[in-house]
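Student: curious how this folds, go ahead:
(2 chains)
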Amino acid sequence: MLKRLKSVGLLLFLMGCSAGMAYAVTDPGISGVSVSQQKNACTGIVKDATGESVIGASVVVKGTSNGTITGVDGDFSLNNVKQGAVIQISFVGYVSQEVVWNGKPLTITLVDDSKVLDEVVVTALGIKREKKALGYSVSSVKSGDITNAGTPMNAMSALYGKASGLQIQGTASGPSGGINIKVRNAVSLNESSSTRPLIVVDGIPIHDSNTGQSRNSRTGGDHGTGLNDINPEDIESIEILKGAKAAVLYGSEGANGVMLITTKSGTKKGLNIDLGMNYSWNKAAYMPELQNEFGSGSSAGTSAQNNISKDGFYLTEKDGVMVESLWNGKTYNFGPKLDGRQLLWWDGTMRPYTAQKNNQEDMFRTGSQSNVNLSLSNKGDLGNFRLSYNYRDYKSIAVGASNKSHSFNFSGGFNVNDFIKIKLNTSFSNTVDNNAPYVIQDLSSYGLPREQDVNLIRDMMRTKDGYNYFSNKAINSFAPYTGYISDYYWSQNVNQNVFDRNHLIQSINLDIKLSENLSWNTLGGMDWTISDHEIKQHVVKPLSQENKQGYYGIENTRNMVLYAQSALNFNKNFNKAWDLNLMGGAAVKRNTMEQQNNYIIETFAVENWFSLNNTREDFGARSSRSRGKDLLLSLYASAQLSYLNQVYLEFQARNDWSSILPPKNNSYFYPGASISWIFTEAFKIPTMNFGKIRASWADVGRPGPRYYGNVDFSLGSYGGRPTMSIGSFLPPANFATGATAGFPEPNLKPERKREYEIGLETSFFNGNRLGFEFSYFYNNTYNQITTLPVPSSSGVREVRLNAGDIAQAGIELSINSKPIMTKDFTWELGLNLANYSTKIKKLDKGIMQQQLWGATGAQIVAPINGEYGEVWIYPYKVDDKGTRIVNQSTGVYEFDKTRRIKVGKITPDVNGGLTTSLRYKDFSLNAVFDFQFGATMISQTNMYLLGNGSGKESLKYRDEARVGLPYYMKTDGTRVLLKSHNEAVPSDSKYPFILHDGVITKGVTPDGKPNEMVISAEQYYSNLYWQGGSDMSEDQIYKSDYIAFRTLSIGYELPKKWLNKVKISNARINMFANNLCYIYKNIPNVTPESTQGTNSFTEFAPLPGIRSFGIGLNVSF
Amino acid sequence: MKKINKYLLYIALGACFGGSFSSCADQLEEEFYNPDKLTKPNFALFFTSVQTQGHLFRYDYGVTYHYMRGFGKMLSLGVSPLYVDRTQNNKIVQPWTGWSGTPFNEAIFEMTNVNYSKDINAMKLLYNSMTEEEKQRNKIYLLCADVIQSYAFQRSTDLYDDIPYSEVGGAFQEKFYAKYDTQEFIYTEIMNKLKETAKGISTYQFDSDFAKANFASTDLLCNGDLELWARMANSLRLRMAMRLCHVKPEVSKATIKELVAENKMLTEYTQDIGFEEMDKTHAFELTFFRGMDERGYECGAPEYMIKDILGYTYQTGDENGINRTNFDPRLFAIFQPDIRNRYIGLPLTFDGADRELPKYYTSDEINKMFKFEDAVAGPWDTKRIPAMYNRKTYFNFDMKFPVMGSTETNLLLVEAKLRWGAEVGAIDEVACIKKAIDASARFYYKSNATNKYSASSTPSVQHIKPSATAPALNEAHLQSWCTQAAAKYQTLDFRGKLKFILGQKMIHMNVMNPYELYSEIRRLVKDFDGQLPFVSTPNVVFQERMFYPSSEQTNNPDNFKAVAHKNTYSTPVWWTGRTQKAINTNGNAIDQ
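Tutor: Just a heads-up that it's a prediction; the model follows:
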């Protein structure tokens, strides 16, 4: 515990220093104002509720420019004021006042603007509560925070660093793809289980899922989820219900936390028209640092080659003569030094062998994003409405990739009479995602040849007949890189991969006031997501040459969530001290999924006719179908009792009946309780405006996958013969034993999380200039619906069951301060931090660890008594003294595959954000920084950059200047170390030159002698970082620690005197930048956000990050 | 009155809500079940499913691809020209590493335990709950399933040595951690089981024609022919008995003697068991054919097969037609000629390549061959320079992919005679050799002659060059060669005869059954004083056993401890009778 506090404490200290310094300069330096009585001089003094003088308050005669500010004693004087004039007094942090001057000195007492303290937030099931009354932690992000740095493609990306306990992480797909969202470090023993929070939009839980990239050229693009469709400009607020108690009314769906999104409605009288436009430029950023010294190919020292020139270049026959050429069949950048000489290239042309320093950048373009947003709104006695339209046009940095979206939102409130109110929210969007890039891993694993002009490949790729020039096997086998580089251009520029998503979120809310104390609220609605994914892959050569070509597919997916809830609310005040609020209701939720895929795969009858009829297969297009639905029924109740608005006691409970669980086992109860005490209502504490302690406890659940608990069998067909097969897993079931034991009975139970939380919330000084919110929680996620691996000799590979217990403790802290508050200048600074630690308390079935992910020699595991997400890899073999053993076949270390060592974990120790805003008159500046420390990232890119010789780090040993050793290649193919780089070529040398890229790997031979085996630098890197199928080595483990300068925006409110002339009420111009830089980053060459999807633990990203700059204009009429 | 109305309204609303809630509740049970899955198991359909599992009887794409890439090189099933290019002479290949190493090493272990066993385990669960009458009626399914499981576990233990056997398949009894049994124990158990199973099958009577027809409809391997099942069990037992020749020769002798006396093995061509791919739609993309197609780089015709086994040496003018009969006619069906219509094999040593290839090819052709520059349209480009496996023969989607047959059985009998003479009964080695070659030739000729697939068929196969069409089987030639081969065998010494038998297995099984060849090679090392009885591809380290899946160390650690020390490439399996690894001496980068 102390250890955890240490890092938080350090940051707090720094924050304190910063705030203290800021506070020290807040004295506006205003000298005393004369109070001598003059003609029509209005004088007075301004105090706060405690009697303290308010310095720097603005005092203005209403409707004039006659004004001043208060002095050090809170005093002021205004001349030429007529009796009866209205004096306006305002100061940041206080409620503005207007008083009529009757000719006498005024004494004005400003009241704290306790807006923060009286803030009403949306809680579970859409229940609005005063934040101060809550016995648990809720973070709230308002609309301004979401759009002040331009309109993001994905509203979630505006939440970086904005709320404690919320982890936001982009992915390699960029903003049009998915974004990783985690509340309170939600973890699961099942990699495929979603740890994303429940997303609720205007009361309707929407369909949401993980997304990611893969190497499948057809389905490997990341198109984002329904969450991407929500227009950020339509969002009024996002509330994050973090703990179990906050989410307990969501019962079996609350364990990952809940994100409540409330859209805007008409709030001002009269017709309001808002128009916003943004345009931003996206640039590829944070790309790997590549070397530009050596080109593609091999070192002559790697193997005894017959066709090598006197300078070590590969020789190829051209017109009967052997000429120096690019290396045949090689991709790695271990070729000779780039010296500009003419070499024969893959197309038979002589070209210079020169570094193309920008060929990595050349693969990407400057992307862009434009947004247009228009909304109309009004509010009157009968109700209100808001209608908006948004158009987003995103052009990715990857060529050919774009994303266009049209969104419509309508919010209408209708007051039928004094008792009945109806509210309708409709959000519809159409998003077309074009050619989202898939992972062409070869780009990363083999690298870009340093001498290749990628534009040349791009331009030569398409022949005049429309085929792919590089599909020619002769070229491809000579220069394999032309294949994967052209794959990128072919996929992005020739093929079409169109993901068209129509998304409707609809809710209607009926609120009936039955009596003074009783009301009835009913909400119904749906989320209907229809995705049509059409894929057209062209033939790359004539069908007459290769008939297994072409792909055309249409996949239609329908996801529907139907949801309804209805509740009775009862409110009663007793003896003016006690307030009772009772609520009871029921909810029903149905999820439906249907997917139909029709496709033609490599059986085109004619070239590039994209029709399901274009197949040589007799039965026509192939198809597959999947479907599923589930039903959740719920009863819930809540009781809140408060005393004198200072003590709040709340009990809440929900019972769920889920079709995902076996019929005999499908009812579960989720209770929760909380208490909070606003102690500043009972005690006066100097400078403390507000102080609350709170505690809560609750037990919530997490839904399992549909049909996960079934004991069933797959019916198949093999050549017309029916077959039946059982799964390769053991279903969650009760097992009968004995000789007559048959199939078991399903027994899946819900997954649960039990959590208690304590917290402290305070605010200090006038205007709540300093506020702290602290939470400590401890939870156990148990009975996890998971799959544990068992030895395959049991007859199955996995056991599906309820198992495990993960304990997690966490601290969350947020600090909000206003170091400077004057009439013209305000500086606000906020910091939030979270620190989590996990421990695996229990698994099941004798299993000691759960593997969460495994590949490339690395495992991410959850071991009993260990932490969640530990990263384990094979170490190198060492002798008894710990010295690494050098394999005498490869000349480098080899893995000791008899054991694994822990090298890190995937969850961070600390994450958080720092937000700051400055306002000077009509100018404002907002900046957001976010950070993370303590997590480990598995980076294949970094391994490949060494293994394929592309990275700068792979230059060591390449030549004499880079400490390479001298040696020569004997005619029998063995390498012999030389004493000097200047030695003459020995007589038994294979080549007419000696080599300078020798390496003797530091270590010992298997029999304990010092290693003396000389190998080429190419062998060193490729054997060490490509050996054993590219396993991760202990030398290639990085932390994903970072401090990012995430956003910066500068705004200017145009003067009203200009705007009034053209009937514009407000106009704002802003400039913004996103992902500006990493102030600190541990991992080289990639970013911590280069992962392959929302639930990915590793990166091998050929796609770089994005840095964007933009401008925007918002006008209100 | 107003108050009453209000209460009535509450009640009505409550009733409406309660009613709809109740009706929804009725659907909870219905929606628990996956509409596209069955909850009622079917005993017979499980049996069909077992037979269709990938890489049991129908080799699948993935594993074939991986074994062709590394493991196949180690066994010299085909020649990859790149590997006999001397310029590559210090590149070591460890077949258990790299892209193909791990997936291939883990595949058979995992598939044997799960894919080939899970549906049999399900059958046993169902069988447990049957009445005695039902059990009697359905017993034949389990007996045949036993043969299948024995076939699978024999292959697995041959590859991995000690494996879980006696405690496998305990998941549905919540027994997950099976101990590792010794290979000796497993061999004893399987051989005993096969004996009982063969007996059970031989004596089984269907209680009706309907039951017989039902069984036949689910029996994809033998089409309901119980005699074939029994013969397969016996041939499998013969194979295993021979495997014990070094470590338990008495068991070998006794078993073979018993089998020979009973004479109910797969000894005739007509009894050869194969598995025709019935899912023609996916015949290419999911199976052996695609694996071989993509690894055509490793399908160069080995010189040792053409010269040493088939007895053919190119003579000038042969490209225009070969009229001799002093070679094995399988040459035409198993291989397709080179770019100049010649049957010239690729040597497997650097020296051999340096010496032989320039006799037939220009330096440019050799260079192109080494660099695969002749594979413009893929590895099966009709303009590929070297002779290769015959695409027309091997890409016949209607072929009965060999499972067990008379060629192997007869060759095993020949070896039994060689080792133990009359002790194992009356074996006519000459007749056996003739039958082995005859059956093998008929299989390959039939596959070549009946291949109706082409670039325009469905499924399609491209790149079959006209010269891949073998001439009609010349019966006289075949019989002549059978006689010549048998005669040659008799002139050889003990090791020569062993090499002859191995050679016949290599040419017959080749890329279609690398596992048996692998086992036989390892078994014979002891007979050759620790040397490999064949020439492996240069610089490919010979691997004495498959590595266990890494998941065993993680998921079954306590039991794995018993075998962890053996989990190296260099520890021979028990029945080799050796403790020293065999070494590939071909190539200069090999570890010693």
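Student: would you list the phi and psi of residue 198?
Tutor: The chain I'm using is chain A. Dihedral angles phi and psi of residue A:198 (degrees, to the nearest 10) take the values phi -70, psi 130.
Student: try again with chain B
Tutor: In this entry, residue B:198 is assigned phi and psi values of phi -60, psi -40 (degrees, to the nearest 10).
Student: near residue A:603, how many residues? Count them for me, please.
Tutor: Here the number of neighbours of residue A:603 (other CB atoms under 10 Å in any protein chain shown) works out to 21. In short, each C-beta sits where N, CA and C put it, glycine included.
Student: list the contacts for residue B:481?
Tutor: By CB atoms under 8 Å, 6 or more residues apart in numbering or on different chains, the residues touching residue B:481 are B:311, B:325, B:326, B:327, B:328, B:329, B:437.
Student: look at the third one and give its secondary structure.
Tutor: The one in question is residue B:326. Put simply, residue B:326 is coil when judged by DSSP: H, G, I helix; E, B strand; the rest coil.
Student: if we can go back for a sec, could you flag which of the contacts of residue B:481 are buried?
Tutor: Applying 16 or more other CB atoms under 10 Å in any protein chain shown to the contacts of residue B:481, the neighbour count classes B:311, B:327, B:328, B:329, B:437 as buried.
Student: surely the third one meets residue B:482?
Tutor: It stands for residue B:328. No - with contact defined as CB atoms under 8 Å, residue B:328 and residue B:482 do not form a contacting pair (9.0 Å).
Student: mutual contacts of those two, please.
Tutor: Overlap between the neighbourhoods of residue B:328 and residue B:482 consists of residue B:437, taking contacts as CB under 8 Å, 6+ apart.
Student: relative to residue A:556, which of the buried ones among the contacts of residue B:481 is nearest.
Tutor: Closest approach to residue A:556 among the buried ones among the contacts of residue B:481 (CB to CB): residue B:329, at 56.2 Å.
Student: separation between the residue lying closest to that closest one once chain neighbours are set aside and residue B:433?
Tutor: The shortest distance from residue B:329 to any non-neighbouring residue, by CB to CB, 6 or more residues apart in numbering or on different chains, is to residue B:477 (4.8 Å). Plainly put, residue B:477 is 16 Å away from residue B:433 if you go by CB to CB, to the nearest Å.
Student: quick check: closest non-adjacent residue to residue 221.
Tutor: Since you didn't name a chain, this refers to chain A. Here the residue nearest residue A:221, using CB to CB, 6+ apart, is residue A:436, at 3.0 Å.
Student: look at chain B instead
Tutor: Excluding its sequence neighbours, the residue lying closest to residue B:221 (CB to CB, 6+ apart) is residue B:51, at 5.5 Å.
Student: can I take it that that neighbour is in a helix?
Tutor: Yes - under the criterion used here (three-state DSSP), residue B:51 sits inside a helix.
Student: got a list of what the residue of the stretch 651-800 of chain A found nearest chain B touches?
Tutor: For the stretch 651-800 of chain A, the residue closest to chain B is residue A:719, as judged by CB to the nearest CB, at 2.4 Å. Applying CB under 8 Å, 6+ apart, one finds that residue A:719 lies in contact with B:277, B:278, B:279, B:280.
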